[in-house]
Every structure is written in C-alpha cells, then in structure tokens.
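>>> Mind looking at a prediction? Sequence and model below.
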Amino acid sequence: MVFLVPRMPRWDRVKKSFFDWERLVDSFPRLLEAFILDIKIFAWTTPAILIVAILIAIARSTRNPALFPVRIFVIAYTDIMRGVPVILWIYLVGFGVPGIGLDRPWNSPLIWGSVALGMTYSAYVAEVFRAGIESVHESQRAAARSLGLSSAQTMRHVILPQAVRRVVPPLMNDMVSLQKDVALVSLIGPIEILRQAGIDKAKFANFTPYIGAALIFLAVTIPLTRFTDYLLTRERDRTGASKVR
Amino acid sequence: MSNKLNLTGVSKSFGTNQVLNDISLAINAGEVISFIGASGSGKTTLLRCINLLEQIDNGSIHLDDVEITKLGVDANPIRRRIGIVFQSFNLFPHMSVHRNITLALTEVLGKSKDEASTIASTLLTRFGLSDKIDSYPDRLSGGQQQRVAIARALALNPEVLLLDEITSALDPELVGEVLDVVRELKGSGITLLLATHEMGFAKEISDRVCFLADGTVAELGSAEQIFTAPTDARTQQFLQRVISAGRLRG
C-alpha cells in the first residue's frame, strides 16, 4: 500500500486534498475544542447507559410470574432498540421529541440526540449484562436461596458481582464503540468534532480536517481498545486452565 | 418423640421423568438418617425438595407440624431452619471465607457485623479453619471448601441439616476431614439427613438408613439391619454391588 498508492496517477491531487499539513495544523485546535463536546456526550451517556442496562438485564432475569408484563416490556424495548439503525433513532428522537413543544433548554437536539444514542446502547449493553447474569451457575443461586436470601438479595450479593466481573471486557468493547458513535449526534445539529471537521472542510475545500478528526478519535479509541484486550487476557488467565501450545 | 420432619406422599417429576414417587417418611428430631441408592434414585431431589429448592408436585412436607409445602408459604424463613450442603460446595467465589459465612447472618438474620464475625470465627475454629478466614474459596482444597460450606450452613443455626453427597466431589484423602465434621455434629441436637455413597460412613453414623430405588422408599430400617440383613431384593442387589466394588466391608 505504502509503496503502490503514491504511484497511482492521481495521488498528487489526493495528497493535496487529504494530507495538507498546513490545513491540518490550522484546523487541529478547532477540532480538539469541538472534541470536548464528544467527550461530554460520552461522559453523560455512559453512566446512564450502564444503569439503565443493568436494570433491564435484572428485569429480564427475574423469575417472578407477577413480573411477566415487565419482562415483556423490556424484551420489546431491547428488540426495538437493537432493530432500528442508530442514526434513524437519533433522527426520530432528536428531531421528534423537541418538536412536541418543550421549553428551552429541554428542546435541544443535543440532549435528545444523546438520549437516543443512550437508548440504543442501553439495549446492547443490557444484553451483555444478561449474558453475564446467565453465565453464573444455577448452583450459586441455589446456595444463596438455601441460606434464606431473597431473590433480590441473591441478585445483589451473589449473582451481579460475579456477572459484572465477567462482562467487563465485552462491556469495554461497547464503550469503545460508543465513543465513536457519539459523532452521530452531530447529524442533528450539535457542533462536535465530526461536524467541525465538515465545516472546516467546506471552508478550505479540503478534506484534511477529516484526517485530523480521525487522528483524534484514534488517540482515544486505541488506548481504550488495548486496555480492553489487556482485561480480556487477564480474565482468561485468571479463570482459564493453563495455556496449551 | 415428636417428628421433626414429616413427608407424606411426596412426588416430583421433571417432565415425564418421575424422580420421586409417593414418598412418605417421618424423621425424628436429632435423628441422623442416610439416604442411599443408585445414582438417579432420587436422593438429591428429595433433599432439594425438603429445602424447597424444588417444588413438589404432590404430597406434603411438614416441619414441626407446619406444612412448608403449602402454596403461598414464604420459603425464606423456612430455609433458614433447614440448611443444605451441596456436593459441589457452591461457595461464593467472589467472597472471602469470612463473607461467605457472614452474608446470610447480616443480610437475612440482620445480625451486626461483630456478631456475625464472632459466629464465623467460632465455627471456623471448631472446624480447624481459623487461619483461612480471609482466604478466597479458589485458594482452598476441596475438603477445606466443603468444611467452609458446612460452617456457612451451620451459621444460621438450622434445626435440620441436609448433606447432599458432600464427599462425592472430593479426592479420597480429603473425605476423612469432612466426615469428621459430620461426626462431630451428630448428637448436637441437629437433625441430619445425608444423601451419600459412603456406605461405611452411613453405616457408622446413621440411626436409620433409607434405601431409595426408582424414586420410592424401597427399604427403611436401622443401619445395622439395612447393611447386614436387607430384606428388599433391590437393596440386597445394590449392597452386593457396593461390596464387590470394595466400598463397604461386608
């Protein structure tokens, strides 16, 4: 690639419109500043997603027959949220909800775009938690119940702590993914990094700001990904048998 | 002597598989009774039904003349009075030995941390495990784990203790230390129900032995009678196989 691409006939033009050093230096501070909004969206959606997801997972794992309607509701929720493309949902919620006549600041597309993103991700993350809950062996539940713990106490003290520990690596995976998808909120207005890169691109008639944005994303996602891999390896070492070569 | 446990016509099926078929038994307070029989004869299921971990299909179980299998009975307070120890220990791997034992004390019985700690350390000392109090289950041998599991069940001070093949998952050299604990329990007033493949031990410790076959009580009698003069053909056959496998000195 490195050898062949520069030998293509139009490489010079591509180089000029994508890898213009001056444009990069010029737009970089603005991109970084806009990236702060991405981080903010990430920072407030993450805890909300984790909390909602864990509640969904618990609701889905209950066995009380009286809670059947709740189970149906959360199953429908996760099915719908995972079935609708994220972008579509961001459009629907981000443009739709403010339209019902909310007052400022509650009519901001930024808020509802984040909510839409959070709703979709909570459904995915709930499935991760649910897989964790179901991976805890039934005998653990039997032991806890045999000691007189209620099913809520069993969930809280015995099942969840073990489940969460097991799903940290896949959870991190989803967080890396969320970190990137935050940029989708820009589609309904807020000026975050992707949008800022688009503005600069239009101003310069040059694509280099996109390269800048990509670099900034990578600077965050690569360390996060490496950390996820580290956690995965550690979890495997801790629980698995000795390695076979 | 009043009956601690009364089983009347207890039946339980899993799908089309009838595991327990019309079992009736009266167990005295403080009695040690062993359930023996081939794998799949219903020993484990019977104990799990008594602990209300399984719901019975028919019949009833009374604890001190109170029907515990009646629909709508809150199982949690009953489970505190009937402890169970499992074949595979089932300790909570994310908790220290100390927390394994104190969890139900603080969360279920509402005891203070200090009280719970005292109970835990007393039990662990009694079972020779006081140096393991802060260890995690993964770091213990099978025998140690099982002794912790017994301590965990005893911490709630149950009136009845169900021991479900508690030595079956242990290496042979670790069986002794667990059985010693059970020997110590006998005579403490607690009612012991054992499902076991340790015939020698069943013979030694039991007041009565119950031989289960195909989910029914095939024979019930004193340990002496069952092991030396079984009357039921299936019991005779079973014991013959056990003896020829070298698991019981005939």
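Thanks, I have it.
>>> how close does residue B:229 get to residue A:61?
Residue B:229 sits 52 Å away from residue A:61, taking CB to CB, to the nearest Å as the criterion. Yep, even glycine has a C-beta here, placed from its N, CA and C like the rest.
>>> Which one's more surrounded, those two?
The residue with more neighbours, out of residue B:229 and residue A:61, is residue A:61; 19 against 11, by other CB atoms under 10 Å in any protein chain shown.
>>> Might one say that that one is in contact with residue A:130?
Yes - under the criterion of CB atoms under 8 Å, residue A:61 makes contact with residue A:130 at 6.5 Å.
>>> For stretch A:106-121, what does the pLDDT average out to?
What stretch A:106-121 shows for mean pLDDT is 88.
>>> For that stretch, C-alpha coordinates in PDB please.
Output of stretch A:106-121 as PDB, limited to C-alpha atoms (Å, rounded to 0.1, in the frame of the first residue of the first chain):
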ATOM      1  CA  TRP A 106     -35.200  20.800  27.100                       C
ATOM      2  CA  ASN A 107     -35.800  21.200  23.400                       C
ATOM      3  CA  SER A 108     -32.100  20.900  22.500                       C
ATOM      4  CA  PRO A 109     -31.300  18.300  19.900                       C
ATOM      5  CA  LEU A 110     -28.100  17.700  21.700                       C
ATOM      6  CA  ILE A 111     -30.000  16.400  24.700                       C
ATOM      7  CA  TRP A 112     -32.400  14.200  22.700                       C
ATOM      8  CA  GLY A 113     -29.700  13.000  20.400                       C
ATOM      9  CA  SER A 114     -27.700  11.800  23.400                       C
ATOM     10  CA  VAL A 115     -30.900  10.200  24.800                       C
ATOM     11  CA  ALA A 116     -31.500   8.400  21.600                       C
ATOM     12  CA  LEU A 117     -27.900   7.200  21.500                       C
ATOM     13  CA  GLY A 118     -28.200   6.100  25.100                       C
ATOM     14  CA  MET A 119     -31.400   4.200  24.500                       C
ATOM     15  CA  THR A 120     -29.900   2.200  21.700                       C
ATOM     16  CA  TYR A 121     -26.700   1.400  23.600                       C
END
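>>> Any buried residues in it, and which?
A:109-121 (16 or more other CB atoms under 10 Å in any protein chain shown).
>>> Need the max-distance pair from the residues you listed.
Greatest spacing in the buried residues of stretch A:106-121, by CB to CB: A:109 and A:121 (17.9 Å).
>>> Chain A contacts on chain B?
Residues of chain B found near chain A (CB under 8 Å from any CB of the partner chain) are B:48, B:51, B:53, B:75-77, B:79-80, B:83-84, B:86, B:88, B:90-94, B:103-104, B:107-108, B:152-153, B:156.
>>> please redo it, this time with the cut-off set to 7 Å
For chain B, the residues in contact with chain A (CB under 7 Å from any CB of the partner chain) are B:51, B:53, B:76-77, B:79-80, B:84, B:86, B:88, B:90, B:92-94, B:103-104, B:107-108, B:156.
>>> Quick check: residue A:76 is in a strand.
No - applying DSSP: H, G, I helix; E, B strand; the rest coil, one finds residue A:76 to be helix, outside a strand.
>>> Report the separation between it and residue A:59.
With CB to CB as the criterion, residue A:76 and residue A:59 are 12 Å apart.
>>> So these two - more neighbours on which side?
residue A:59 (17 against 10).
>>> and the more buried one, what helix or strand is that in?
helix A:21-61 (DSSP states H and E).
>>> roughly how far out does that helix sit from the chain middle?
How far helix A:21-61 lies from its chain's middle: 8 Å, per CA atoms, centre = their mean, to the nearest Å.
>>> what is the mean pLDDT for that helix?
What helix A:21-61 shows for mean pLDDT is 90.
>>> Counting by contacts, list what it packs against.
Judged by 3 or more CB pairs under 7 Å, 6 or more residues apart in numbering or on different chains; DSSP states H and E, helix A:21-61 is in contact with helix A:68-83, helix A:109-135, helix A:160-181, helix A:193-204, helix A:208-239.
>>> Give me the distance from the first one to the chain's centre.
Put plainly, it is helix A:68-83. Using CA atoms, centre = their mean, the offset of helix A:68-83 from its chain centre is 19 Å.
>>> Taking helix A:68-83 as reference, get the angle to the very next helix or strand once past that helix.
Next in sequence after helix A:68-83, counting helices and strands by DSSP H and E, comes helix A:86-96. Orientation of helix A:86-96 against helix A:68-83 (axes from the mean of the first three to the mean of the last three CA atoms, to 10 degrees) gives an angle of 110 degrees.
>>> Packing partners of helix A:86-96?
Going by 3+ CB pairs under 7 Å, 6+ apart, helix A:86-96 lies up against helix A:109-135.
>>> And the buried ones among the residues of chain B next to chain A, selectable in PyMOL?
In PyMOL, this line selects whichever of these come out buried by 16+ other CB under 10 Å:
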select buried, chain B and resi 51+53+76+79+80+84+86+88+90+92+93+94+103+104+107+108+156
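>>> Inside helices: which ones of the residues of chain B next to chain A?
Residues of the residues of chain B next to chain A located in helices (DSSP state H): B:76-77, B:79-80, B:103-104, B:107.
>>> Near residue B:82, how many other residues are there?
27.
>>> Would you mind naming the residues that bridge with it?
residue B:160 (DSSP bridges).
>>> tell me the contacts of it?
Counting by CB atoms under 7 Å, 6 or more residues apart in numbering or on different chains, residue B:82 touches B:50-51, B:63, B:158, B:160, B:162.
>>> quick one on the thing from earlier: quick one: the buried residues of stretch A:106-121 as a markdown table, columns for distance to chain B too.
Listed next are the buried residues of stretch A:106-121 as a markdown table, based on distance: CB to the nearest CB, whole Å:
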| residue | distance to chain B |
| --- | --- |
| A:109 | 43 |
| A:110 | 40 |
| A:111 | 38 |
| A:112 | 39 |
| A:113 | 38 |
| A:114 | 34 |
| A:115 | 34 |
| A:116 | 35 |
| A:117 | 32 |
| A:118 | 29 |
| A:119 | 31 |
| A:120 | 31 |
| A:121 | 27 |
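>>> Distance to residue B:34 for these - can I get that in TSV?
Below are the buried residues of stretch A:106-121 laid out as TSV (distance: CB to CB, whole Å):
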residue	distance to residue B:34
A:109	72
A:110	70
A:111	67
A:112	67
A:113	67
A:114	63
A:115	62
A:116	63
A:117	61
A:118	58
A:119	57
A:120	57
A:121	55
